[in-house]
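Asks: how would this look folded up:
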Amino acid sequence: MIKFFRKIRQKLLEENRFSKYLLYAIGEIVLVVIGILIALKINNLNENAKSIKLEKTYYCKIAEDLQVDIKNIDSSMATIDKRLEATERFLKNLLKIQNDKAVIFKDFLTTFRHYKFIPTKAAITDITSSGKLEQLRNQTLKKRILGHYTAQDNATIIIDVNYNVITERLFDLEKYAAFGVQEVPQYQSMFDEELQGLLSSMEWQQNPDDELFVKTKNLMILSMINAEREKDLLRGIKADAEELNDLLVENCN
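Replies: Predicted coordinates:
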């Protein structure tokens, strides 16, 4: 093709047809420019298609993380319900004044143990840390995504702070031997018979005015309030995650 155009230019010059040569040269330049513009347009279309595909991929990955979060929240809330049941049972048995400490201790550890919700943030962390947030061109949806993770972070911080308060209250009991930690069923195997005898505990559970009785009662009341607050926060995270997941699924397919 290039040889063909070169021959035409040479023929025009040999025939001293300069005006036609000039027009031809201009036309050739125009064709080259048009070719470049077409190539750029095609390249832009290809890049735009890649960008759209990547954007949809990110939406799908975030949606997958949200679906994991929803399942984990359900698991966490189920264990919180068990914790609430154990705490309520512990408190009722305590207030009924038990001669046998084992009656209340059978629920002691269950009042604190549960499956902690830990958010799955692999996709949004990858997007933000790699500087690819601009790939999310749907500004409304991007704002919605960032808003969800900000609210989620705030909720999990509150959950952690509240649970730490409960843990501090638990450690505030201080008089562990007198309380009878060694008599808690899950811990009994750690202490042999001789040590059990040496670590004699008090019968604080029989005296509502005893310091340990009052601290334990207040701890369980606070634990129940904290558990309900945690469930409320998790319900909010879950509802927002479900709504955002639906929006993302629509945009990633």
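Asks: Of all the helices and strands in the protein, which has the lowest average confidence?
Replies: When the helices and strands of the chain are scored by mean pLDDT, DSSP states H and E, helix 2-14 comes last with a mean of 54.
Asks: in what helix or strand does the residue nearest to Lys175 when sequence neighbours are not counted lie?
Replies: Distances taken as C-beta to C-beta, 6 or more residues apart in numbering place Leu212 nearest to Lys175, at 6.4 Å, with adjacent residues excluded. All C-beta atoms are positioned from the backbone trio N, CA, C, and that covers glycine. Assigned by DSSP states H and E, Leu212 belongs to helix 211-252.
Asks: Output the contacting helices and strands for that helix.
Replies: Counting contacts by 3 or more C-beta pairs under 8 Å, 6 or more residues apart in numbering; DSSP states H and E, helix 211-252 is packed against helix 18-95, helix 139-171, helix 176-179.
Asks: And these: which comes nearest Glu194?
Replies: helix 176-179 (14.3 Å; C-beta to C-beta).
Asks: circling back: kindly reformat the helices and strands packed on helix 211-252 as JSON lines containing distance to Trp204 and mean pLDDT.
Replies: Output for the helices and strands packed on helix 211-252, formatted as JSON lines (distance: least, C-beta to C-beta, whole Å; pLDDT from 0 to 100):
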{"stretch": "helix 18-95", "distance to Trp204": "10", "mean pLDDT": "78"}
{"stretch": "helix 139-171", "distance to Trp204": "15", "mean pLDDT": "94"}
{"stretch": "helix 176-179", "distance to Trp204": "7", "mean pLDDT": "89"}
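Asks: what sits up against stretch 213-233?
Replies: 77, 80-81, 83-84, 87-88, 90-91, 94-95, 111-112, 155, 158-159, 162-163, 165-166, 169-170, 172-173, 179, 204-205, 207-208 (C-beta atoms under 8 Å, 6 or more residues apart in numbering).
Asks: Could I have the ChimeraX command that selects the buried members from the residues you listed?
Replies: A single ChimeraX command is used to select the members of these judged buried by 16 or more other C-beta atoms under 10 Å:
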select :77,80,83,84,87,88,90,91,94,111,155,159,162,163,166,169,179,204,205
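Asks: circling back to that earlier point, quickly note the distance from the residue nearest to Lys175 to Ser223.
Replies: 16 Å (C-beta to C-beta, to the nearest Å).
Asks: Ok, Leu199 next?
Replies: Counting by C-beta to C-beta, the gap from Leu199 to Ser223 is 25 Å.
Asks: Looking at those two, which is more packed in?
Replies: Taking other C-beta atoms under 10 Å, Leu199 and Ser223 do not tie; Ser223 has more neighbours (25 against 15).
Asks: From what I see, Phe179 and Leu199 are in contact.
Replies: No: counting by C-beta atoms under 8 Å, Phe179 sits too far from Leu199 to count as a contact (10.5 Å).
Asks: how about low-confidence regions in the stretch 101-250 of the chain?
Replies: For the stretch 101-250 of the chain, no stretch has pLDDT under 70.
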